[in-house]
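Q: Give me coordinates for this.
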Amino acid sequence: MNAYYSTLSGWIIPVTRAMKSLDLDPVKTLEMFDIDPAEVNDPEGRICVESLGNLFTFCNKRVGNRQFNIEVARSFHPSALHALGYAVQSAFSLQEALERVSQYKRVVSNCSNMDTYESGDELIVELVVYRYTDSGRLVLSPDLIESFLATLVQLSRDLVGGDIDPIKIQCTFERSSDDCPVVSEFFNCPIEYGCERNAVVLDLEQAKERAFGNNPAINQLHIEILNKFMSRVDKTNLTYLIESKILEELPMGAPSQADVAKQLGLSLRNLQRKLSEQGTCYKEILDNTRKRLTLSYIKQPHMSISEIGYLVGFSNVANFNRAFRRWEGCAPGEYRHNYLSTNSMVEHIHPRA
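A: Next comes the predicted model:
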């Protein structure tokens, strides 16, 4: 028996907007595929991805040229992803935003994984789609894959003010026999079919530039909400549970692995084994949590360097400085100076209303 694959009900918003713009009846069309429009009102609601894929196939046949895939992407707004969408909007850079989507991909759906990584002067955003266990068929249809890649491109453009095109798009499925000018015009870059991966390839330098909506203080609040959400919906993933415990304890000092295991009702050996099965370890989770918190705090000028060090669990400033140099290759004060200098330049060029 196949597992139930689902996606966030927030996708109903861009889907219905796309249907309206293409003169399709949203209510009747959704009902044809047993999708309840009222699900969009539940922040944690889910819809069957098989039904969604069938809906995309139907709509594309009605409008032609895979136009529906692109129209859904054009109609997308980050708020459709609820807490994850707000965290993305307040991220420091496009790269950080896409890394955040990868980290919390389970919020969006349980149909695939997403990896965001650097390769030379490129930033690769790769969608790794799961397969049904009985048939080996991909859980996501080519239409859904193409629309999701287009949505990532639309999101990227929104975050940096529209002035960005991918270097290329890569798809595992074969090129359609239909001519698709709408798809080509939207991506505005080479599209490669029959590849080994589904991916959006971006210019790394552009992806590292500061995003217009970044707000480190607000972003940190959104991440805390996301961790609590993930600890509810994905109880099999210890990373979110452990990070939540670390965040609670850090201002009083970094909690030991044994302490966290006890709080989670696990033996130390059992915790270590479970983390190993997930390809990580406690030290890595602690280090990543400290780093992410530090980079959020250091962008807030009212917080002193020593205060930040204590808040992320270091007993003295020297240890904090050493850890920061390992993370970023420079001292905390130097990093803050560079950040604030960049901020002043952005504000000068793009003054806020």
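Q: Below-threshold pLDDT in the protein: ranges please.
A: 1-3, 43, 177-179, 231-237, 342-353 (pLDDT under 70).
Q: Quick one: the strands in it, in order.
A: Here the chain has its strands, by DSSP state E, at 6-8, 46-48, 112-119, 122-129, 168-170, 191-192, 198-203.
Q: Just want the most central residue of the chain.
A: Centroid check for the chain by Cα atoms, centre = their mean gives residue 101 as the closest residue, at 0.4 Å.
Q: Okay, that one and residue 184: tell me how far apart.
A: Per Cβ to Cβ, to the nearest Å, residue 101 is found 25 Å from residue 184. The C-beta positions use only the backbone N, C-alpha and C, and glycine is treated the same way.
Q: related to what we said a few turns ago, can you give me the distance of the residue nearest to the centre of the chain to residue 20?
A: For residue 101, the distance to residue 20 - Cβ to Cβ - is 26 Å.
Q: And for residue 154?
A: Remark: distance between residue 154 and residue 20 (Cβ to Cβ) = 17 Å.
Q: Also residue 288?
A: Taking Cβ to Cβ, one finds residue 288 at 42 Å from residue 20.
Q: Please say which of these two ends up with more neighbours.
A: A direct count of neighbours by other Cβ atoms under 10 Å for residue 288 and residue 20 places residue 288 higher, at 16 against 13.
Q: so how far is stretch 247-254 from its chain's centroid?
A: On the basis of Cα atoms, centre = their mean, to the nearest Å, stretch 247-254 is displaced by 26 Å from the centre of the chain it belongs to.
Q: How about residues contacting that stretch?
A: 224, 227, 246, 255, 259, 286, 289-290, 293, 310-315 (Cβ atoms under 8 Å, 6 or more residues apart in numbering).
Q: tell me how far the ends of it are from each other?
A: Taking Cα to Cα, to the nearest Å, stretch 247-254 runs 9 Å from one end to the other.
Q: Check stretch 33-49 too.
A: 11 Å.
Q: Buried residues of that stretch, list them for me.
A: 33, 35, 39-40, 45-47, 49 (16 or more other Cβ atoms under 10 Å).
Q: can you give me how far it is from the chain middle?
A: 20 Å.
Q: what sits up against it?
A: With Cβ under 8 Å, 6+ apart, stretch 33-49 has contacts from 4-13, 16, 26-27, 30, 51-52, 54-55, 58, 82-83, 109, 111, 139-140, 144, 229, 233.
Q: Enumerate the positions of stretch 263-276 that are buried.
A: 266, 271, 274-275.
Q: Closest one to residue 131 out of those, please.
A: Ranked by distance to residue 131 (Cβ to Cβ), the buried residues of stretch 263-276 are led by residue 274 at 24.7 Å.
Q: can you tell me how far that closest one sits from residue 306?
A: For residue 274, the distance to residue 306 - Cβ to Cβ - is 36 Å.
Q: Of the strands of the chain, flag the one that's most buried.
A: Among the strands of the chain, judged by mean count of other Cβ atoms under 10 Å, the one packed with the most neighbours on average is strand 198-203 (a mean of 23).
Q: Would you mind pulling up the elements that it packs against?
A: For strand 198-203, the elements it packs on are strand 122-129, helix 142-159, strand 168-170, judged by 3 or more Cβ pairs under 8 Å, 6 or more residues apart in numbering; DSSP states H and E.
Q: Could you pull out the buried residues of the second one?
A: So that's helix 142-159. For helix 142-159, by 16+ other Cβ under 10 Å, it's 142-156, 158-159.
Q: Likewise for stretch 172-190?
A: Result for stretch 172-190 [16+ other Cβ under 10 Å]: buried residues 172, 180, 182-183, 186-187, 189.
Q: The closest residue to residue 146 other than its chain neighbours: how many residues sit nearby?
A: Of all residues beyond its chain neighbours, the one nearest residue 146 is residue 69 (4.8 Å), with distances taken as Cβ to Cβ, 6 or more residues apart in numbering. A count of nearby residues for residue 69, using other Cβ under 10 Å, gives 27.
Q: how much space is there between residue 69 and residue 268?
A: From residue 69 to residue 268 the distance is 49 Å (Cβ to Cβ).
Q: Which residues are in contact with the nearest residue to residue 157 once chain neighbours are set aside?
A: Leaving aside its chain neighbours, residue 157 sits nearest to residue 164 (5.6 Å; criterion: Cβ to Cβ, 6+ apart). Applying Cβ under 8 Å, 6+ apart, we find residue 164 in contact with 94, 156-157, 202-203, 206.
Q: rerun at 10 Å
A: When contacts are counted by Cβ atoms under 10 Å, 6 or more residues apart in numbering, residue 164 touches 94, 153, 156-158, 188, 202-203, 206-207, 209.
Q: In JSON lines, list these along with distance to residue 129.
A: Listed next are the contacts of residue 164 as JSON lines, based on distance: Cβ to Cβ, whole Å:
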{"residue": "94", "distance to residue 129": "23"}
{"residue": "153", "distance to residue 129": "18"}
{"residue": "156", "distance to residue 129": "20"}
{"residue": "157", "distance to residue 129": "24"}
{"residue": "158", "distance to residue 129": "24"}
{"residue": "188", "distance to residue 129": "24"}
{"residue": "202", "distance to residue 129": "20"}
{"residue": "203", "distance to residue 129": "25"}
{"residue": "206", "distance to residue 129": "26"}
{"residue": "207", "distance to residue 129": "23"}
{"residue": "209", "distance to residue 129": "30"}
